[in-house]
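**Q** Dropping the sequence and predicted coords here.
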Amino acid sequence: MEAGRPEAKRGFGRGMLIVGILGLATSFPALMGKPEMFYRSYLLAFVFWNGLAVGSLAVLMLQYLTGGAWGIAIRRPLEAAARTLPLCALFFVPVIFGMHRLYEWTHADVVAQDELLRKKTFYLNEPFFLVRTAVAYAVWILVAYFLTRLSARQDAASDHRAIDRNLQKLSGGGLVLYALTVTWTSVDWVMSLEPHWYSTMYGVIFMVSQALAALALATLAVVRLSPWEPLRSFLGPRIRHDLGKMLFAFVMIWAYVNFSQYLIVWSGNIPEEIHWYLARFRGGWGAIGLAILVFHFLFPFMLLLSREANRNPRLLAGAAALLVFMRFVDTAWLVLPAFSAGKLVIHWTDLTLPIGLGGLWLAFYVRNLSSRPLLPEHDPGFEEALAHGRE
């Protein structure tokens with residue numbers, strides 16, 4: 001079977017680029033008139049799209065360590081998303097300019113009057129914040145670069161045993177670095193919006209959420225491309241079932257870590273901790289939270305529990321698309337109440353900026369996906385995965 005290029009039309013990438021430019025251009029007046037709204041919306045967009053890229057890198061490394069036909073099917077979409085990390089680093093630049101409008105700990109007068117913030121200045125200060133972000137992006141971009149480089153060498157090599165070992169070693173170390181970097185960036189970029197609150201589960205929640213979003217996007221991509229070769233001959237019902245089971249597992253893990261954080265805060269019932277949930281359970285945000293419970297957990301749980309739904313390409317693609325969308329809603333539920341505690345305030349830039357950054361990100365993603373063979377035929381597990389998919 002020849003591993004050709006994906007059949008995604010070039011026009012889709014160009015269309016996404018135009019959508020991205022229009023979304024950013026539409027949002028620009030808010031920067032002049034309501035910069036606070038602009039920067040909070042921009043942070044939401046940045047955190048979501050960056051999470052797809054970083055989560056794809058994590059799932060890619062996990063697949064190299066665990067193996068399995070499911071991972072071979074989605075490897076190229078994962079690589080394409082991970083290779084957008086340099087673009088995501090550029091996306092972070094406006095956050096630097098908006099720091100004083102986003103983070104209260106950047107204001108010396110506020111810190112001077114707050115004893116708790118004064119005690120956190122060793123960590124929450126602008127130079128260290130920027131250094132941590134730079135280190136995180138350096139780690140992510142370098143790991144993604146070497147993984148995709150080794151993958152390209154694997155495609156061309158006749159004896160790739162050494163390459164396979166290097167991929168596993170790099171993935172093992174890379175996952176450790178991923179856990180560390182995502183922990184501190186989630187604290188820096190999102191949790192420090194409310195610097196008086198903290199959670200030891202926060203980094204874990206972001207790791208699981210990013211992996212779920214990445215897996216859902218990759219599943220959606222390969223199912224949508226499965227009517228064409230080479231995926232038409234490869235993506236059989238059993239591999240679709242495997243992808244559905246992986247989504248089901250990550251939905252369960254996401255629910256578990258979120259409930260664990262809530263249970264810890266609820267059982268403690270400490271005013272310094274419960275205010276974070278109170279801001280998200282009141283004034284309309286509670287309805288958003290209920291929608292997340294239903295459409296991010298209960299509905300996907302019931303759907304993906306079915307063997308027939310996992311093997312049905314339309315239902316599987318629909319579940320994956322729903323999860324990607326609900327990951328955006330959940331990200332908004334985490335970010336936006338920090339700026340309007342207890343009040344559901346939605347600005348038009350909360351839609352146009354995610355669409356703008358998303359259009360640019362998807363254009364780059366499609367370009368990456370179109371530049372490599374869609375299946376890694378020289379992977380040591382490819383023939384077994386091909387036979388597995390045809391069963």
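**A** It's in. Predicted, not measured: the structure shown is a model, and the values here were computed from it.

**Q** Could you say which helix or strand holds the closest residue to residue 217 other than its chain neighbours?
**A** Nearest residue to residue 217, sequence neighbours excluded (CB to CB, 6 or more residues apart in numbering): residue 324, at 5.5 Å. Every residue, glycine included, has its C-beta placed from N, CA and C. For residue 324, the host element (DSSP states H and E) is helix 313-335.

**Q** For residue 315, see how far away the residue nearest to residue 248 when sequence neighbours are not counted is.
**A** Nearest residue to residue 248 in three dimensions, chain neighbours excluded: residue 304, at 3.9 Å (CB to CB, 6+ apart). Using CB to CB, to the nearest Å, residue 304 is found at 9 Å from residue 315.

**Q** picking that back up, the residue nearest to residue 217 is in contact with residue 216, isn't it?
**A** Yes. Contact criterion CB atoms under 8 Å: residue 324 and residue 216 qualify, at 4.9 Å.

**Q** The two: who's more crowded?
**A** Set residue 324 next to residue 216 and count neighbours by other CB atoms under 10 Å: residue 216 wins out with 28 against 19.

**Q** so that one touches residue 320, yeah?
**A** Yes. Using CB under 8 Å, residue 216 is in contact with residue 320, at 4.4 Å.

**Q** list the residues that contact both of those two?
**A** Common neighbours of residue 216 and residue 320, counting by CB atoms under 8 Å, 6 or more residues apart in numbering, are residue 247.

**Q** Please verify my assumption that residue 92 contacts residue 137.
**A** Yes. Residue 92 is within contact range of residue 137, at 7.4 Å (criterion: CB under 8 Å).

**Q** Residue 138: which element?
**A** With DSSP H and E as criterion, residue 138 is part of helix 126-156.

**Q** And for residue 52?
**A** helix 35-66.

**Q** which is the next helix or strand following that helix?
**A** Beyond helix 35-66 toward the C-terminal end (DSSP H and E), the next one is helix 69-82.

**Q** counting contacts, what elements does that next one pack onto?
**A** Other helices and strands packing on helix 69-82, by 3 or more CB pairs under 8 Å, 6 or more residues apart in numbering; DSSP states H and E, are helix 35-66, helix 126-156, helix 202-225, helix 237-268, helix 349-370, helix 382-390.

**Q** hmm, 10 Å instead?
**A** Under the contact definition 3 or more CB pairs under 10 Å, 6 or more residues apart in numbering; DSSP states H and E, helix 69-82 sits against helix 35-66, helix 126-156, helix 202-225, helix 231-234, helix 237-268, helix 349-370, helix 382-390.

**Q** Looking at those, which is nearest to residue 22?
**A** helix 349-370 (7.4 Å; CB to CB).

**Q** mean confidence score for that closest one?
**A** The pLDDT scores in helix 349-370 average 95.

**Q** now the angle from it to helix 202-225?
**A** 60 degrees (axes from the mean of the first three to the mean of the last three CA atoms, to 10 degrees).

**Q** before we move on, the earlier item: overlap in contacts of residue 92 and residue 137?
**A** Common contacts of residue 92 and residue 137, defined by CB atoms under 10 Å, 6 or more residues apart in numbering, comprise 50, 185.

**Q** where are the low-confidence patches of the stretch 1-150 of the chain?
**A** Applying pLDDT under 70 to the stretch 1-150 of the chain flags residues 1-10.

**Q** quick revisit: need the residues touching each of residue 324 and residue 216.
**A** Common neighbours of residue 324 and residue 216 (CB under 10 Å, 6+ apart) are residue 52.

**Q** ok, and for the helix or strand encompassing residue 18, which residues are buried?
**A** Using DSSP H and E, the element containing residue 18 is helix 10-33. Neighbour-count burial for helix 10-33, counted by 16 or more other CB atoms under 10 Å, picks out 13, 16, 17, 19, 20, 23, 24, 26, 27, 30, 31.

**Q** got the buried residues for stretch 232-243?
**A** Those would be 234, 235, 236, 237, 238, 239, 240, 241, 242, 243, for stretch 232-243 by 16+ other CB under 10 Å.

**Q** what about it, how long is it end to end?
**A** Using CA to CA, to the nearest Å, one end of stretch 232-243 lies 16 Å from the other.

**Q** That one: how far from the chain's middle?
**A** Distance of stretch 232-243 from its chain centroid, counting by CA atoms, centre = their mean, to the nearest Å, is 23 Å.

**Q** what do you get for stretch 79-94?
**A** On CA atoms, centre = their mean, the centre of stretch 79-94 falls 12 Å from that of its chain.

**Q** what do you get for stretch 259-267?
**A** 24 Å.

**Q** With stretch 377-386 instead?
**A** So, by CA atoms, centre = their mean, the centroid of stretch 377-386 is 27 Å from its chain's centroid.

**Q** do the same with stretch 256-267
**A** 22 Å.

**Q** Also stretch 166-186?
**A** Using CA atoms, centre = their mean, the offset of stretch 166-186 from its chain centre is 15 Å.

**Q** Just give me the neighbour total for residue 276.
**A** The number of residues packed near residue 276 is 21, by other CB under 10 Å.

**Q** Retrieve the pLDDT associated with it.
**A** For residue 276, the model assigns a pLDDT of 93.

**Q** In three-state terms, how would the nearest residue to it once chain neighbours are set aside be classified?
**A** In this structure, residue 276 finds its nearest non-sequential neighbour in residue 197, 4.6 Å apart by CB to CB, 6+ apart. The three-state label given to residue 197 by DSSP: H, G, I helix; E, B strand; the rest coil is coil.

**Q** Check residue 301 too.
**A** helix.

**Q** Tell me the spacing between it and residue 21.
**A** 38 Å.

**Q** Specify the local secondary structure of residue 121.
**A** coil.

**Q** Now for the closest residue to residue 376 other than its chain neighbours: which residues touch it?
**A** Leaving out its chain neighbours, the residue that sits closest to residue 376 by CB to CB, 6+ apart is residue 75, at 5.6 Å. Taking CB under 10 Å, 6+ apart, we find residue 75 in contact with 59, 60, 63, 64, 151, 218, 222, 372, 374, 375, 376, 379.
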